[in-house]
Every structure is written in C-alpha cells, then in structure tokens.
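J.: only geometry, no sequence info:
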Ligand SMILES: Nc1ncnc2c1ncn2[C@@H]1O[C@H](COP(=O)(O)OP(=O)(O)OP(=O)(O)O)[C@@H](O)[C@H]1O
C-alpha cells in the first residue's frame, strides 16, 4: 500500500500582519520522498505544521484523500491526523519518561494493544533507529542525535502513511546524518509512506529525495522532480544548493538588488566570476540490500515521464539519461533515439491522457468540500464557530447553517485572489523590497513586524508554558467533553489520562535544563493547534483554550495521531478506489482538447521557455497572462497549479495512493504508459 498523496493549493499563511508565505501550491506524490529547502525563517516549519493542521492557513486548501484540512471539522481533522507521523526539530520527547515509555506513549494512548505487544513494537522501533539497549534512558541522558532517533521511532510507532520530518539532521555529525538518511530511504522502501523532510543539509537534499521544493521570499520558488532543482539555473536555487555567499540570499534571508550588484562588481574586480559552478546530480540513495526495491522509484519515473514536456531542458536531459534499457522499453523509446529529438517530441506532443498538475482534481475536491463539508454538523469553513473550545458554542455552531461568506472573503474553497493565485514565479532581486514595502504600507505596518513576530516566538513559548500550568485542571473536564463529541474513536482514547501532569512534568524537566527545546517545539505546535482548533487567530493562544494545546501537541509531537482501526482502514481504501475511478473519469479526456504549450511550464515555475524564447522567469506573470489570454497572473482556468510537476492521480495509476501496480497498463496501449509509448513510437518511426 502506497502512502497518501497530499495536495496543497494556493495556501497562504500569516501571523497577524506578517505574511509567511502565499499561494503555495504543490503535490506530495503518494509514497515518494520530498525535501523542502529554504533559508532560515522562510516558513518551512510553518508549512509542516499547516499540513498536519496544527496551524490554520487563512487561504487555500490542503487535500488528503478528498478532505480539505483547512476547512474540515475538528473531528475529521483528528481522524486524518492519524495518518501522520511527525518528527519535530528537537524530538519533542517527554522529559520525565524514559525512551521506552516515550515511544510506547502513542500505542498506549491510541490503541488497545496489550503491554507485551506494545513492548515488542517499541523494541522493534528502537532497534530500527539504532537505539536498542537505550530504552531505560531519560531524554536528558542522551545526545541530541539519539533524541532525534528516539523522536523518529515514536513518529513511526503507529505505522503512519505520511511522515513529516523537520530537520532530522540538524546537530548530527555527517556520519550519523548519512545513517539517518539511509534509514529514511529504508523506511520508505518498507512502508511506502509519503515523506516530507525539511532540511538544510545539502547532502541530504542531493541524495535522498524524489522531489525537491524551495521556499524563498514568501513563495514556493519551485517544487518538482529532483532533477529540476538539481539542474536549475535559478540563482537562488543554485546559490542554496551550492552553499555560496554570492546570490539573492543574504544573511537576513535576502539581499536587495543594489547589494547584489555591488557584490558582483566587487567579485569581477577581483577577477572572480559570478557564474555558478556546473550543476550536478548525485546518485539517489538505494535501499539497504535485502530490502527489495523502493516502489516509489518506478512510480516516480512514470509520473515524471508524463510531465517531461513541462520541465526545463536540462532536467529533461538528466531524466532521459537516467533511464535504463528496461525503462526505455517500458516507454517505447528505441535505444538509438536522439535525446534532443526526444525532448522535442515530448514538448510538441505531450502524452494525451496526462494531467500532470491535477488541477481539476483539486478543483473538484474543493467543489465537493463546499457541498459536503459545509453543512451544519461538520462545523468548518469561514465563520466556523465549532471548535471554539466552548462545548455549548460548538454544539450551537454545529447545528447552525454555515455562515455566508463575507464580501471580501472567498467562497469556501475558492481562493479570493484567483487571479493572483497558483503561479509560483521567482521574484527578481530587488523586486521583493518594493513589494514588501507596498505590502507593509497596505497593511499599515512596518517591515519590522516580521522581526517582531520572530521575537514573539520566545515570548509565546513562555506564555504558553505558564498557560500550561494554569489550564491543567480545566483540561481533564473539557477534554472528556471533547472526546465524547468525537465519534467511534472515543472508545479508543482514555480520557484525560494525566496529560496535564505529563505537561507539568515535562516542564519541570525543562526547568532543570533537560529537554527545554523539546518542550518549546511541542509547545509551539500545541499553541498553534489550539488556535487552529478554535478557528481563531493562531498566533495568540489563550489560556482558555489551552487544554487543546496539549492535546494537539501530543497529536503533533507524538506521531500526530492514533492508530487507524482496521475497519476504518478498509473504509478508507474502499473510498479511495472510488476516488481513483472518479479521477479516471475526470481525466479521461479532460486534457485532450487543452492547448499545451510552454505556458504550462512557464506557469509551473520551471521557467521553461516556449521554443525560441529564453528561459527567463516571468515575475509579474504578465507573459503567462498574455498566453492565457484571460485573467491575471495565475489564472487557474488556464494554468496548472505551480510547479508541482508531480502528476496528480491518474485513472489507472497508483498516484492516489493505494495501489501497488505501476501506473498505466502494460499489456496494451491504453492508459498513460500507452500514451507515452504511442508518443515515442510516433517519433521513432
Ligand atoms: N506561532 C507563531 N506565531 C508567530 N510567528 C510565528 C509562529 N511560528 C512561526 N512564526 C514565524 O514564522 C516565520 C517562519 O518560521 P519557521 O520556523 O517556519 O521558519 P523555518 O523556515 O522553518 O526556519 P529554520 O530553517 O530556521 O527552522 C518566522 O518568522 C517565525 O518567527
């Protein structure tokens, strides 16, 4: 069983007036490993927390199966979270529990397994991460690297289908990092889980993932197959991947154009060159011998071959060169076919059935979410009062019809700034300075807001800790009530089981200097979770809702949820098949009549030129808008979502997560692989 696809569309997140990122659109392909890069403070962790619903973006959608996490009810969110395993930056271990109990915690909380079974699972996971024999140690007695591995073991204990890992390699020595990376590849091989890793480690970024994305200047600069980023000519991507000082990224995230030009001049005077080193592609890590093949490899190849025509030439060349003889046979490419000619062919005759960006699927899901998830009883969407933390208000809100959208707000599921959404374009050096000023002016706030928000982190964490103390008593009662509101899973969860006590104990440990950072990580997630749950501002946690903080912190920090009962799993799988069929129907001819030009690539952020054009970014989106002939930058009616390059689920493929069979049918010329074959055969003859 493959992991679950995560579709993110036009997502925007701000804290107060400080925008963190806007219009982030990408797909984490089912069962593949993706890495998210970006300078410090660009909001990578915020994105991770948004994906598990610990933070609530103000715009956009996050689709898992057919549920939009941004708008779904709390109980639905709780359910979906069970699919996740999360490792936060500092492991977020309970300082007062030994490693065994830390790792056993989610099993004890969310399953009915007996102690002997729990013990087997815990020991197996400890062995897996190389911590066999350390089960009796307290977090305060082990190294940072061991804490990370223990956190990973805990994230894995419920066999998650989506694994989010925030900087697994920070503070680790290079050898341990290499081991950890190998472990992640092996896990992906064994679990076939969808994995997203935030990292600053270039070796990890180059050798581990199937896909790479990068956040910069409040945008997702790119997201796509690894070959695209690793061969990219975008200055910011090159600078980051080569770890150079010269380039758009400065000490405080970015430089203005004047500073950059001055640096270039200086460099030239010294006889240096501003040209970057030749980009190169490291081989991807293979699973440890004996584990078998990583299923994601073939799935990814199939997917990438369908979007080949949208990728920059260098990436296409790299992908074509990586094909084995078997692959060439699979896609109907003859051995003596010229690579340049192949690129021309894919460009001019893209596979007929491919819907590489899955825009329609997300649109459809959004429409469905308007119809299915808005009614009373679910309590989501704009004006959602359910989840406020007040059981009476929640009950009222669930009974009440959905509030009509405010005039300047989007309809549920439809981005307000449709014309500006979706396109990831790389702002030019200096442009950001201007737009930031403009934004600040518009909001009536100085750019220092961002700094203030940085500063508020610590303060928030302190406030939260004191909230934790105050809200301990209140927690048990309210938590009981909340759990009773949730459906069948209530039975699985022992209510109010000393959680506040654990929070208190952890804090004690922190005050003793043991695991302070862990608590901060868990606390931040919890604070955000509380706000997300209340549907209110997520940057100002209140004591009143604080019992939720701990609940969310646990869910977030400790594997993000409970085990999915078998009957629910089958429900989900069944539902998924239906959806796969639905996608198949949707896409059955959806793209056929659609014009496929360089516009798609251009819109996708790869800066792929139309023939005869230079590969220059289109920062304003004007050229793209011209091409589209209507709308503004990011006109979703014409353009696919930005740069995901991931290929949303296709009719007969595993893209939607539950089928192990390779995408496309092999024995005839139908399906997507058939389309690829026809395309190449046309050219080969
Ligand atoms: N709960 C919060 N309230 C207010 N601001 C926040 C909150 N969480 C994060 N931020 C702000 O969001 C911005 C992005 O933070 P984030 O931790 O996501 O960055 P990052 O890219 O992960 O950085 P790093 O690589 O250094 O870990 C920062 O300016 C941070 O101060």
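T.: The structure has been received and is ready for your questions. These figures come from a predicted structure and were not determined experimentally. Numbers count the residues shown, from 1 in each chain.
J.: For the stretch 51-200 of the chain, just list every one of the helices.
T.: Assigned by DSSP state H, counting those that start in this stretch, the stretch 51-200 of the chain shows helices spanning 74-81, 99-110, 115-128, 144-156, 174-191.
J.: Ok, which of those helices comes nearest the ligand?
T.: For the helices of the stretch 51-200 of the chain, the distance to the ligand is smallest for helix 144-156, at 14.3 Å, taking C-beta to the nearest ligand atom. Heads up, the C-betas are built off the backbone N, CA and C, glycines and all.
J.: re earlier: minimum distance to residue 93: which of the helices of the stretch 51-200 of the chain has it?
T.: Closest to residue 93 of these is helix 99-110 (C-beta to C-beta; 5.0 Å).
J.: so what secondary structure elements neighbour the closest one?
T.: helix 115-128, helix 144-156 (3 or more C-beta pairs under 8 Å, 6 or more residues apart in numbering; DSSP states H and E).
J.: Report the buried residues of the helix or strand hosting residue 21.
T.: Using DSSP states H and E, residue 21 sits in strand 18-28. Using 16 or more other C-beta atoms under 10 Å as the test for burial, strand 18-28 gives 18-28.
J.: Just name the closest of those residues to the ligand, please.
T.: Using C-beta to the nearest ligand atom, the buried residues of strand 18-28 come closest to the ligand at residue 20, 4.8 Å.
J.: who touches that closest one in this structure?
T.: Residues near residue 20 by C-beta atoms under 8 Å, 6 or more residues apart in numbering: 13-14, 42-43, 46, 218.
J.: Select, from those, the two members most distant in space.
T.: Pairwise distances across the contacts of residue 20 (C-beta to C-beta) peak at 13.9 Å, for the pair 14 and 42.
J.: Between the two, which has more neighbouring residues?
T.: residue 42 (24 against 21; other C-beta atoms under 10 Å).
J.: would you say that one is within a helix?
T.: No. According to DSSP: H, G, I helix; E, B strand; the rest coil, residue 42 belongs to no helix; its state is coil.
J.: Pretty sure it sits against residue 216.
T.: Yes. Using C-beta atoms under 8 Å, residue 42 makes contact with residue 216 at a distance of 6.0 Å.
J.: how about JSON lines for the helices and strands packed on helix 99-110, with mean neighbour count, mean pLDDT and distance to the ligand added?
T.: Putting these into JSON lines (neighbours: other C-beta atoms under 10 Å; pLDDT from 0 to 100; distance: least, C-beta to the nearest ligand atom, whole Å) gives the following:
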{"stretch": "helix 115-128", "mean neighbour count": "16", "mean pLDDT": "93", "distance to the ligand": "26"}
{"stretch": "helix 144-156", "mean neighbour count": "25", "mean pLDDT": "88", "distance to the ligand": "14"}
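J.: any bit of stretch 22-33 sitting next to the ligand?
T.: No. Stretch 22-33 is not in contact with the ligand by C-beta under 6 Å from any ligand atom; minimum separation 12.2 Å.
J.: shaky segments in this structure?
T.: For the chain, the stretches flagged by pLDDT under 70 are 1-2, 244, 246-247, 250-279, 345-685.
J.: Any idea which residue of the stretch 201-350 of the chain lies closest to the ligand?
T.: Counting by C-beta to the nearest ligand atom, the stretch 201-350 of the chain gets nearest the ligand through residue 215, at 6.7 Å.
J.: Tell me the strands beside the helix or strand where that residue lies, with direction?
T.: Using DSSP H and E, residue 215 sits within strand 211-216. In the sheet, strand 211-216 lines up against strand 33-37 (parallel), strand 219-225 (antiparallel) (DSSP bridges).
J.: Let me have these in CSV, extended by mean neighbour count.
T.: Formatted as CSV, those follow (neighbours: other C-beta atoms under 10 Å):
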stretch, mean neighbour count
strand 33-37, 26
strand 219-225, 27
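J.: Kindly reformat these as JSON lines containing distance to residue 97.
T.: Formatted as JSON lines, the strands paired with strand 211-216 follow (distance: least, C-beta to C-beta, whole Å):
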{"stretch": "strand 33-37", "distance to residue 97": "30"}
{"stretch": "strand 219-225", "distance to residue 97": "37"}
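J.: And these: which comes nearest residue 208?
T.: strand 33-37 (6.1 Å).
J.: Okay, angle between the closest one and strand 18-28 too, please.
T.: Strand 33-37 runs at 160 degrees relative to strand 18-28, counting by axes from the mean of the first three to the mean of the last three C-alpha atoms, to 10 degrees.
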